[in-house]
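>>> no sequence on this one, just coordinates:
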């Protein structure tokens, strides 16, 4: 293997690792490596699906000629990573059909990402994980209709609706939930995997780590105060959207100050309420909420910023918007 | 209390009353006062929730630095008013949890209003009650998942689907429905409350009052002709969207002439059909249609205007769009 | 009848026939005449509903002053054609109520078409059959709520969800499906009607005909590979979206080359997966997927083009966009 080729593969590997890290808004290969370890700890197939998914997404974007800056920053990998892990979780990682579908989904999500970026650029908004949500929702809803894909036999299990069981939340549940919220961003429930992810975030960006903790705490407090089932708080399914919203609204996309901190806290609480709402909306059709609550809450809060003088977008966000906006044909 | 402070509170009270009136497109404090009386007649908690909700929404907008003109015109209050009344109707007004949730909803709807305004401004469209619909739908769908919020016990009651009972509509039913349509704009069913609201509209704007009557009549005629259940016509739940569409499309947002009158009649009939469609769509998830039929119908009809030379937006609408459009960053 | 009047009626007839043909992106009166024959072969009421529906839509657009170029190209007729046929299929063609509703729907869909054109023009996207999908979905969901419209008695039949029966696909099934896919674009299932439609397409545009065949084949292969029920492949309900996507993405809206051919194949496969997903989403409310999978897939793939340098829009599409964009107020 010649030096040039080795260098090219080395660059590709860095782009893939950054893609893993971008799930949590961090463009760092180190964080991506830690995230990958975390996914393998959660289950070796999840690690493999995530890593190969990001690689397929990144390669597809290169093939289609997407701007180099986006590929290098890992922005073309994180949605594919989530699509692949989502396929493994939803359809079972051990089937060949799941692997093939995941690969196809990772290619298609690149097209979906380009489309959502074009549309949302009109208002200076980023697509976040909207491409993943669209693609994964379509695949999840379609799967029971195809007998060679759907191996669960009995059709989609409707998600539970009414509040079940008592909401008595022990300290142990709350502690588990605090880290599980961070793990569930990658669709896995183990609290210690969340701890690894959190270490990866702190390794690259202390503010991002702090906001992940703040979002997780707000998610648990909101869910507990409103009486969500303790079990769902403990497994992280009530709070992962709050983690992402808090990171997005204070530091990643809005300049960090006390106004954006307050905004992030309110947004994290709102996303925690929106979670069961979207689960209820998708449940009759057999769908899941994925990170729809994070995406919708963050887009709404970001879109409100031009009308609210107290808040400012981050300089990076503004510049990125202007740069890409200028390159667009009209 | 100093004179300056008293003046400030007086101004705030006027803005809140205008906010009540803007539910029906009327920027008049007198109309708002009459509407408030009507809400108290419907039930003292509804009156209180509506008034305090508008106050919380207006205050949040001031805190976040929303443009003064919007706050003064009451445009930051009416969605909050509806969110608060919606919480009282849906969750029961007598629980502390309902009051706290309503207050939170009234704050968040201000952010949602700013976001929808930013997005819709691209096409010169107003947000109407879309912020209320988004916020109230999210809260309604989420509520059964939280045990400290949901006091109805048995989970969401699915709305009735297939046409039930005979459609024989008595004159008394039709007369009650005529006024109840106007009451249901504020989510209350009493026909005499609708009569009070109608008086409030006529007090400020005769054209608006006439279009409210026209819309109500079109709603009843359409529902009757298609065979809607008489009971639902009589309680106003078939026709409140028609009232709002007719007011919006002839006078409030389009210049009043015979073309916009025809447009308003067709739009009111379309919204009457859309009502059961959206109820059916939300029913499996436990949601309600709120004023979604009005919002969607009006936005579609308004968005079609640039391609239809027979119709003209009102001068005010055009100017408001230009003014705010110019102030936007890009 | 004077010569001028006769000429005017002749022009109108040509515009109506072009409207029929535009269902498959072909602006040719000859193709429209063949399509009309095909619809009459499928059932004389379908032929009548389709023809009169296109006429009502075209006339409404003229009345409202829509730009002559659009009317002459048949772009104001095809959504109305589909709405009318959709009413006949869904509500039963033999009822007076169905005929009246269809006429009303054909008038309203003209307004919906103008609105979607205004909104989508922001990104240079065409409305495709989105106006039909919106209008037909609203009418289908609403119908069971109105006793004088709904003659099926027992409420909406929920569509089957889980994969039923074996997926063993005979050659005969596949051959029927190949043509039925093209018939189902007009909501009718007979394979020989699809053959007539295909002849009509080839008569005007050989590339369009070839892409219709390619899309149909991709739809059948995808559905078979994933294990869709053989029965649904044979009646064309699995593949009609793939036909439309393939025609749209290679030739009609993107310049035909090997990149857009690959894009069209991937898009056709994606639309085939999206079909059961949207059916599942609408089923609990009693709705149908119509051509939603085609519309959503094509809009997403087209919207991605500005970010993917390998693909180019057709010159016609670019010019049409610029021309209409310049005529817009702001």
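It's in. Just so it is clear, the model here is predicted, and its values are computed rather than measured.

>>> low pLDDT regions in chain A?
A:1, A:153-167, A:315-330 (pLDDT under 70).

>>> go again using 80 as the cut-off
A:1-2, A:152-168, A:315-330 (pLDDT under 80).

>>> for stretch A:5-14, which residues meet the burial criterion?
Buried positions in stretch A:5-14, judged by neighbour count with 16 or more other Cβ atoms under 10 Å in any protein chain shown: none. (C-beta placed from N, C-alpha, C; glycine too.)

>>> which residues touch that stretch?
A:29, A:55, A:58, A:59, A:72 (Cβ atoms under 8 Å, 6 or more residues apart in numbering or on different chains).

>>> and those, which two are the farthest apart?
A:29 and A:59 (17.0 Å; Cβ to Cβ).

>>> which of the contacts of stretch A:5-14 has the most neighbours?
residue A:58 (28 neighbours; other Cβ atoms under 10 Å in any protein chain shown).

>>> thinking again about what came up before, now, the contacts of stretch A:5-14 that are in strands?
Judged by DSSP state E, the contacts of stretch A:5-14 include no members of strands.

>>> can I get the residues you listed in TSV including distance to residue A:239?
Below are the contacts of stretch A:5-14 laid out as TSV (distance: Cβ to Cβ, whole Å):
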residue	distance to residue A:239
A:29	27
A:55	30
A:58	29
A:59	33
A:72	32
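
>>> out of those residues, which one sits closest to residue C:234?
So of those, ranked by how close each gets to residue C:234 (Cβ to Cβ), first place is residue A:59, at 37.1 Å.

>>> for that closest one, which non-adjacent residue is closest in space?
residue A:12 (7.8 Å; Cβ to Cβ, 6 or more residues apart in numbering or on different chains).

>>> doesn't the one you found belong to a strand?
No: with DSSP: H, G, I helix; E, B strand; the rest coil as the criterion, residue A:12 is assigned helix and is not in a strand.

>>> could you check how far it is from residue C:244?
37 Å (Cβ to Cβ, to the nearest Å).

>>> check residue A:227 too.
Taking Cβ to Cβ, one finds residue A:227 at 48 Å from residue C:244.

>>> quick one: which of these two has more around it?
residue C:244 (33 against 18).

>>> and the strand or helix carrying the more buried one, what does it pack onto?
Here residue C:244 sits within helix C:240-247, counting by DSSP states H and E. When contacts are defined as 3 or more Cβ pairs under 8 Å, 6 or more residues apart in numbering or on different chains; DSSP states H and E, helix C:240-247 packs onto helix C:171-183, helix C:206-226, helix C:258-282, helix C:292-303.

>>> up against chain C, what does the stretch 1-150 of chain A have?
A:64-67, A:97, A:104, A:107-108, A:111-119, A:122, A:134, A:137-142, A:144-150 (Cβ under 8 Å from any Cβ of the partner chain).

>>> how about 6 Å then?
For the stretch 1-150 of chain A, the residues found near chain C under the criterion Cβ under 6 Å from any Cβ of the partner chain are A:64-65, A:108, A:111-112, A:114-115, A:118-119, A:138, A:141-142, A:144-149.

>>> can you select the buried ones from these in ChimeraX?
Buried residues within the residues of the stretch 1-150 of chain A next to chain C, by 16+ other Cβ under 10 Å, are selected in ChimeraX with:
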select /A:64,108,111,112,114,115,118,119,138,141,142,144,145,146,147,148,149
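
>>> restrict the residues of the stretch 1-150 of chain A next to chain C to contacts with chain B.
Answer for those near chain B: none qualify (Cβ under 6 Å from any Cβ).

>>> from the residues of the stretch 1-150 of chain A next to chain C, which land in strands?
Filtering these for strands - DSSP E - leaves nothing at all.

>>> of the residues of the stretch 1-150 of chain A next to chain C, which belong to helices?
A:108, A:111, A:112, A:114, A:115, A:118, A:119, A:138, A:141, A:142 (DSSP state H).

>>> residues contacting the first one?
Counting by Cβ atoms under 6 Å, 6 or more residues apart in numbering or on different chains, residue A:108 makes contact with residue C:270.

>>> tell me which of the helices and strands packed on helix C:240-247 sits nearest to chain B.
The closest of the helices and strands packed on helix C:240-247 to chain B is helix C:258-282. By Cβ to the nearest Cβ, the value is 8.2 Å.

>>> now do the closest one: distance to the chain's middle.
15 Å (Cα atoms, centre = their mean, to the nearest Å).

>>> which elements pack onto it?
helix A:130-142, helix C:206-226, helix C:240-247, helix C:292-303 (3 or more Cβ pairs under 6 Å, 6 or more residues apart in numbering or on different chains; DSSP states H and E).

>>> tell me how far the closest residue to residue A:72 other than its chain neighbours lies from residue C:272.
Spatially, and ignoring its direct neighbours in sequence, residue A:72 is nearest to residue A:15 (5.8 Å; Cβ to Cβ, 6+ apart). In this view, residue A:15 and residue C:272 are 31 Å apart by Cβ to Cβ.

>>> if we can go back for a sec, any idea which of the helices and strands packed on helix C:258-282 is most buried?
Compared across those, helix C:240-247 shows the largest average neighbour count, a mean of 32 (mean count of other Cβ atoms under 10 Å in any protein chain shown).

>>> ok, and what's touching that helix?
C:25, C:181-182, C:184-185, C:208, C:211-212, C:214-216, C:218-219, C:264, C:267-268, C:271-272, C:275, C:293-294, C:297-298.

>>> try it again at 7 Å.
C:24-25, C:181-182, C:184-185, C:208, C:211-212, C:214-216, C:218-219, C:264, C:267-268, C:271-272, C:275, C:291, C:293-294, C:297-298 (Cβ atoms under 7 Å, 6 or more residues apart in numbering or on different chains).

>>> from the ones in helices among the residues of the stretch 1-150 of chain A next to chain C, pick the one nearest chain B.
So of these, ranked by how close each gets to chain B (Cβ to the nearest Cβ), first place is residue A:119, at 10.7 Å.

>>> can you tell me which residues contact the closest one?
Each residue near residue A:119 by Cβ under 7 Å, 6+ apart is listed here: C:123, C:303.

>>> what distance do you get for it to residue B:126?
In terms of Cβ to Cβ, residue A:119 sits 21 Å off from residue B:126.

>>> what about stretch A:73-84, how long is it end to end?
The first and final residues of stretch A:73-84 sit 20 Å from each other (Cα to Cα, to the nearest Å).

>>> how distant is that stretch from the center of its chain?
9 Å.

>>> could you do stretch A:99-115 as well?
With Cα atoms, centre = their mean, you get 15 Å for stretch A:99-115.

>>> in that stretch, which residues are buried?
Buried residues in stretch A:99-115 (16+ other Cβ under 10 Å): A:99, A:101-115.

>>> how far away from the center of its chain is the helix holding residue C:244?
With Cα atoms, centre = their mean, you get 9 Å for helix C:240-247.

>>> ok, stretch A:204-211 next?
16 Å.

>>> how about residues contacting it?
A:24-26, A:28, A:30-31, A:198, A:201-202, A:246-247, A:250-252, A:256, A:264.

>>> nearest to chain B, out of these: which one, please.
residue A:264 (12.1 Å).

>>> I'd say the closest one and residue A:252 touch.
No: using Cβ atoms under 7 Å as the test, residue A:264 is too far from residue A:252 to be in contact (9.8 Å).

>>> neighbour count winner among the two?
residue A:264 (27 against 24).

>>> for residue A:304, which non-adjacent residue is spatially closest?
residue B:114 (3.5 Å).
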